[in-house]
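Engineer: Sequence and predicted structure, then a few things I'm wondering about:
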Amino acid sequence: HVYLQANLKPNHFDYFLNPNEQLANQLARGLENVAKSRRLVVFMDSYEIVDRNDIWIRSVIREAGPRVLWVICGRNELVHSRQFGDEFFKGYADDWPRHLASFGMWPLSVADISEYFNMQGRTLSKEEVNSLSMVTRGRPLAVHEAAAVISSGESLEEVLTDMMKVGSNDKIMRS
């Protein structure tokens, strides 16, 4: 500690000791600067991927200021505090009770999936739509990715087979 403090510039010492905090502060300052001249919306999908960095995301949200709108999506309910395994999750409503709009997003229905593919220029049979609905669990991202892979030349059967290998659909990857 003493050696580093003696050999580093004072502002570099803080960077070395608290890199996550420093990165969060710099990101917040950058977002705040952008938001001064134009509207800024930050989208975060699949929030469960970054949940271990939640403390830093909250710091960025706080420090970026009120001109930045955050849209955070995830499979886990993020609004309310609760026990989460061995840990306690502090819901976003605890930090921002008056500035939080929560929208529950439901899986796509069989009719929604059929209509989505129709809009993409591909008509699916009732059996195909039911199979796709079952394999994707109606998750919009999985349906979108399936449509993208099919439009690149893969058959629906190949896509369904590949997606069934994933099993729980916890990992949805683009071919």
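Structural biologist: That came in fine, so what should we check first?
Engineer: Least confident secondary structure element in this structure?
Structural biologist: helix 10-17 (a mean of 75; mean pLDDT, DSSP states H and E).
Engineer: contact partners of that helix?
Structural biologist: Residues from elsewhere that reach helix 10-17, judged by CB atoms under 8 Å, 6 or more residues apart in numbering: 4-5, 8, 22. To be clear about C-beta, it is placed using only N, CA and C from the backbone, and glycine gets the same treatment.
Engineer: could those residues go into a markdown table alongside distance to residue 40, pLDDT and neighbour count?
Structural biologist: Formatted as a markdown table, these follow (distance: CB to CB, whole Å; pLDDT from 0 to 100; neighbours: other CB atoms under 10 Å):
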| residue | distance to residue 40 | pLDDT | neighbour count |
| --- | --- | --- | --- |
| 4 | 36 | 78 | 11 |
| 5 | 37 | 76 | 11 |
| 8 | 33 | 80 | 14 |
| 22 | 22 | 87 | 15 |
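Engineer: Tell me which two of those residues sit farthest apart.
Structural biologist: Distance extremes for the contacts of helix 10-17: the farthest pair is 5 and 22 at 15.8 Å, using CB to CB.
Engineer: From the contacts of helix 10-17, which land in helices?
Structural biologist: 4-5, 22 (DSSP state H).
Engineer: list the contacts for the residue positioned nearest the centre of the chain?
Structural biologist: In the chain, the C-alpha nearest the mean C-alpha coordinate belongs to residue 45, at 1.8 Å (CA atoms, centre = their mean). By CB under 8 Å, 6+ apart, the residues touching residue 45 are 73-74, 141.
Engineer: number of nearby residues for residue 73?
Structural biologist: 15 (other CB atoms under 10 Å).
Engineer: That one and residue 4: what is the separation?
Structural biologist: 40 Å (CB to CB, to the nearest Å).
Engineer: same deal with residue 138?
Structural biologist: Counting by CB to CB - residue 138 and residue 4 are separated by 53 Å.
Engineer: related to what we said a few turns ago, what would the ones in helices among the contacts of helix 10-17 look like in a markdown table with distance to residue 63?
Structural biologist: As requested, the ones in helices among the contacts of helix 10-17 are exported to a markdown table (distance: CB to CB, whole Å):
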| residue | distance to residue 63 |
| --- | --- |
| 4 | 26 |
| 5 | 25 |
| 22 | 12 |
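Engineer: with those residues in mind, which one is nearest to residue 82?
Structural biologist: Distances from residue 82 to the ones in helices among the contacts of helix 10-17, taken as CB to CB, are shortest for residue 22 (30.8 Å).
Engineer: Which residue ranges of the chain form helices?
Structural biologist: Using DSSP H, helices in the chain cover 2-7, 10-17, 19-37, 54-64, 92-95, 110-119, 126-136, 140-151, 156-166.
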